Structures are given as structure tokens and as C-alpha cells.
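mind folding the following:
(one chain, ligands or ions: 1)
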Amino acid sequence: MSVVILSDVHANLPALQAVLEDVARTAPGAPIWHCGDVVGYGAFPNEVITELQRVGAIGVMGNHDLAALGDNVIETFNEGAHAAALWTRDVLTAESRSWLRALPRVVEMGAATIVHASLRDPIMEYVVQREIAEENLRVLATPLLFHGHTHIPALWSLQDGVAHATHVGTEAIALRAGSLVNAGSVGQPRDHDPRAAWLLWERDELGAGLGTVTWRRVEYNIPAAQEAIDAAGLPDFLASRLAIGR
Ligand code: ZN
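Numbers count the residues shown, from 1 in each chain. The predicted model follows:
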């Protein structure tokens, strides 16, 4: 019994396609959940939505999805993100817009809650400090939270009332109740590893216990993503950062 968790695809079609190929090899038929920021930054917003629809992905709204729908969250964006959000507003089809608009901010799936940013603030809060992790863990009603937003794989868990960060590599990690699991980013990783990230959650056949999580990293055609960003007239920084994973 496996679940695939994707986050922060950011309109990067080559990255999403490479991830879905790896998913088909590693966890064929597993349900796919996403943690938002489907669009923004990248040049393939409609195409990634079509792909996520095709695989039946269930997920939530991110700050870049909201911005693409016209929300004034765009005022919090830096120059590159702002330019990309305005461009995305222009190119989104009516079908894409209505798919994005239907995304909820919080989804509960059995033992897990799914949000984009944090439980307290599903759209904007970055879980990067112990205090913030701890405050979110205290209000977590399900054993697990899957999220994204920082574009950096991470695992925080509550031990004796204190939030601990577990080092995340490529090996499977057993989950304990009371954990925040950040899936990293498919389309714009920022942990100095440019490969697309996705998360595999594996439980036993009966779904007893919380099982393990494994972060997978996948090479993809970065020049194809960069050329599309350039061709769309988006800021060069959005293309160049993909090669360095920053
Ligand atoms: Zn993002």
C-alpha cells in the first residue's frame, strides 16, 4: 500500500514527466497526492495540470496557484515570481483556471493531512525553524502532515514535546506519529540538488502502522525547461536556477 506525494511542480513539464515515469516504475498504480504550487515560475502551466488530471492527482492550493488565479498574494512575491504569475494568468485556459480554483486549502486522507505551506497557515508559512515546526505539530490532528512550499525535503517530528529534524537522504525512514513531512519540489528544487524530488510513502498491506517515507530524486531534461522559460520571455534567473537547484 503506497502513496506518491508530489509538491511544487511549478509548471515544469519535463520534471513532472520524468517523475511520473519513475513513479510508474517504482509504485505503479499508487494514488498520487500533491501539495500545491502546481503553477508559477515555469512555462507549462496548462500542460502540468493536464498531466495531474490524467493521473487523478488529489491535492491542495498553493500561494502561486492563488496568485495565478488573480489573488493579491502576488504582492508578497519577488520580481521573478511576480512576472511569472502575471504571465501564468495570461496563458491559463478556462479549464485550467477552474481546476485550480477547485483546489481546497486542506485535505485530510486517513492518517494524513495535506497542505501546501503549514497547518496554521496553509498558504504562506515556511516551516524552516524548530519553533514553527513545534507550533504546527501541537495543532496537528492526524498522525502525519504532508506539505511543501520550502522546496527542501524535510522531516520534523515531536519527541518529548520538542520538534526534532531528521536528516533526509535517499534511504527509507520509519515514520512516528506526530510528523511533518516535506516532499521537496518536483519543478524547482532548492536544496542544491537540481534533480526533481518526489516522495514515496509505503505502509504494510493492512495499512497498520505509519510505514516509511523515501525521497526519490530523478534526473530530467533541464535545458528543455529552461528553453521554454526563455521562449516565454520570463526572467532568466528562473531558468538558470534550475541547473543549480537553488
Ligand atoms: Zn513553491
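
count of neighbours near Arg138?
Each residue near Arg138 was counted by other CB atoms under 10 Å, and the total is 13. (Each C-beta comes from the backbone N, C-alpha and C, glycine too.)

which ones are touching it?
Arg138 makes contact with Leu158, according to CB atoms under 8 Å, 6 or more residues apart in numbering.

next: the one 4 residues further on.
With contact set as CB under 8 Å, 6+ apart, Thr142 has these partners: 108, 110-113.

ditto for Leu137
Leu137 touches 156-158, 163, 178-180, counting by CB under 8 Å, 6+ apart.

assign whatever residue of the chain ends up closest to the ion to helix, strand or coil.
Nearest residue of the chain to the ion: Asp37, at 3.5 Å (CB to the ion). When classified by DSSP: H, G, I helix; E, B strand; the rest coil, Asp37 comes out as coil.

kindly report the same for Gln188.
coil.

neighbours of it, how many?
24.

could you give me the buried positions within the helix or strand containing Ile132?
For Ile132, the element it lies in under DSSP states H and E is helix 130-138. Residues 132-137 are the ones in helix 130-138 that count as buried (16 or more other CB atoms under 10 Å).

next, give phi and psi for the residue of the chain closest to the ion.
phi 50, psi 50 (degrees, to the nearest 10).

give me every residue that touches the closest residue to it other than its chain neighbours.
The shortest distance from Asp37 to any residue other than its chain neighbours is 3.4 Å, reached at Gly62 (CB to CB, 6 or more residues apart in numbering). By CB under 8 Å, 6+ apart, the contact list for Gly62 reads 8, 35-38, 40, 116-117, 123, 148-149.

and Leu199, bridged to which residues?
Counting by DSSP bridges, Leu199 forms beta bridges with Ile5, Trp215.

just give the number of residues close to it.
By the measure other CB under 10 Å, the count of residues near Leu199 is 23.

can you count the residues close to Leu206?
Leu206 has 7 neighbours, counted by other CB under 10 Å.

for it, helix, strand, or coil?
The assignment at Leu206 comes out as coil when based on three-state DSSP.

contacting residues for it?
Counted by CB under 8 Å, 6+ apart, Leu206 has contacts Met1.

hang on, the earlier thing: any idea how far the residue nearest to Asp37 lies from Ala197?
Between Gly62 and Ala197 the distance is 15 Å, computed by CB to CB, to the nearest Å.

many thanks, have a good one.
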